[in-house]
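Participant: predicted model and sequence follow; I will ask about them next.
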Amino acid sequence: MNGNKWVRQIHRWLAIAFTVTVVVTFVALAQEEPVVWVSYVPLLPLTLLLVSGLYLFALPYAARRRGRRAAPER
């Protein structure tokens, strides 16, 4: 598996982790005495999702740029 496939796989698992943390946060905050710090738990997977998502977003543009640079000029 090359690097891009690893990033895609990690991004998918992070999306699952983020969804689970959001559901857990909603359940925790719905309690009679909610623990407020639980609302910060989804921020870690969300930050990692942002980083991996931006990388995946930039891949086609970087590949297109590399392709232009590598092409021989006539």
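Facilitator: Ah, there it is.
Participant: please save the CA atoms from stretch 22-37 in CSV.
Facilitator: Provided in CSV are the C-alpha atoms of stretch 22-37 (Å, rounded to 0.1, in the frame of the first residue of the first chain):
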residue,chain,number,x,y,z
VAL,A,22,-19.8,13.2,18.5
VAL,A,23,-22.5,10.6,19.5
VAL,A,24,-20.8,10.0,22.8
THR,A,25,-20.7,13.8,23.4
PHE,A,26,-24.4,14.2,22.7
VAL,A,27,-25.2,11.3,25.1
ALA,A,28,-22.9,12.7,27.8
LEU,A,29,-24.3,16.2,27.5
ALA,A,30,-27.9,15.0,27.7
GLN,A,31,-27.4,13.7,31.2
GLU,A,32,-28.8,15.6,34.1
GLU,A,33,-25.4,16.7,35.3
PRO,A,34,-23.4,17.0,32.1
VAL,A,35,-19.6,16.9,32.1
VAL,A,36,-18.7,19.9,30.0
TRP,A,37,-15.2,18.9,29.1
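Participant: how many neighbours does residue 8 have?
Facilitator: By the criterion of other CB atoms under 10 Å, residue 8 has 15 neighbours. Placement of C-beta: from N, CA and C, glycine included.
Participant: nope, residue 10 is what I was after
Facilitator: When neighbours are counted by other CB under 10 Å, residue 10 registers 13.
Participant: got the contact list for it?
Facilitator: Residue 10 sits next to residue 52 when contact means CB atoms under 8 Å, 6 or more residues apart in numbering.
Participant: ok, it to residue 16 distance?
Facilitator: 11 Å (CB to CB, to the nearest Å).
Participant: ditto for residue 25
Facilitator: The gap separating residue 25 from residue 16 is 15 Å, by CB to CB.
Participant: more neighbours: these two, which one.
Facilitator: A side-by-side neighbour count of residue 25 and residue 16, using other CB under 10 Å, places residue 25 first with 17 against 10.
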